[in-house]
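Asker: quick one, structure for this:
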Amino acid sequence: MTVALVSRQGRQLQRYNSCGSRLIVGCIPYKVKTMPCDPDQAVEVLVISSSKKRQEIMFPKGGWEQDESIIQAANRETFEEAGVLGHLEDSLGRWRYKSKSHDKIHEAVMFPLNVTEELYYWPEKAIRTRKWIGVAEAMAECKHSWMKEALARLVKRLSSEDLEMIP
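Answerer: Reported below is the predicted structural model:
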């Protein structure tokens, strides 16, 4: 059996808000480590390389299309760009940001994704790398301030939950 792993392409089905801003949806894939050596490393996040600047890291994100719900779009983008599946949690918020490549304003919604499965093959494996890193490293390396703010919200949410470490 042959399976084709292909990313959606093009802007024909893209959603836009009433001001003409493209609607973007993304995820912060994360996992909670049991018994970390360093308590500051209890949470790891999965970052991917930018498709254009492979040395830049970011979280998976992309256009929300007309034929899918926001939840479906978040899961699709994370599967296509990072090759992970998991439990999508409540939104971290909404941001407006200026696209670096097109000089346009986008509106983005970010979700946490508690990763349950990491795939060996995924649609954008040939054009992106992925790696698990600590929150501090992600904050230091990510160039997008709105993504850093989303990550800070995730960390605050997780720290307010009882992250009991199992011995």
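Asker: tally of neighbours for residue 75?
Answerer: Applying other C-beta atoms under 10 Å, we find 20 other residues in the vicinity of residue 75. C-beta here means a position set from N, CA and C on the backbone, and glycine is covered the same way.
Asker: that one is in what secondary structure piece?
Answerer: helix 70-82 (DSSP states H and E).
Asker: kindly report the same for residue 48.
Answerer: Short version, using DSSP H and E: residue 48 is in strand 43-49.
Asker: packing partners for that strand?
Answerer: Applying 3 or more C-beta pairs under 8 Å, 6 or more residues apart in numbering; DSSP states H and E, we find strand 43-49 packed against strand 22-32, strand 57-58, helix 70-82, strand 130-134, helix 135-141, helix 145-160.
Asker: packing partners for the fifth one?
Answerer: So that's helix 135-141. strand 43-49, helix 145-160.
Asker: what of the second one?
Answerer: Secondary-structure packing of strand 57-58 (3+ C-beta pairs under 8 Å, 6+ apart): strand 43-49.
Asker: run the angle between the strand it packs on and strand 130-134 for me.
Answerer: Relative orientation of strand 43-49 and strand 130-134, computed by axes from the mean of the first three to the mean of the last three C-alpha atoms, to 10 degrees: 140 degrees.
Asker: how far off centre is strand 43-49?
Answerer: Mean-position distance between strand 43-49 and its chain equals 8 Å (C-alpha atoms, centre = their mean, to the nearest Å).
Asker: neighbouring contacts of that strand?
Answerer: Defining contact as C-beta atoms under 8 Å, 6 or more residues apart in numbering, one finds that strand 43-49 is touched by 28-33, 55-60, 81-82, 84, 115, 128-135, 138, 141-142, 151, 154-155, 158, 163.
Asker: who does it pair up with?
Answerer: In the sheet, strand 43-49 lines up against strand 22-32 (antiparallel), strand 57-58 (antiparallel), strand 130-134 (antiparallel) (DSSP bridges).
Asker: if we can go back for a sec, could I get the helices and strands packed on strand 43-49 as TSV with distance to residue 95 and mean pLDDT?
Answerer: Listed next are the helices and strands packed on strand 43-49 as TSV, based on distance: least, C-beta to C-beta, whole Å; pLDDT from 0 to 100:
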stretch	distance to residue 95	mean pLDDT
strand 22-32	9	95
strand 57-58	13	94
helix 70-82	14	97
strand 130-134	21	96
helix 135-141	16	95
helix 145-160	4	93
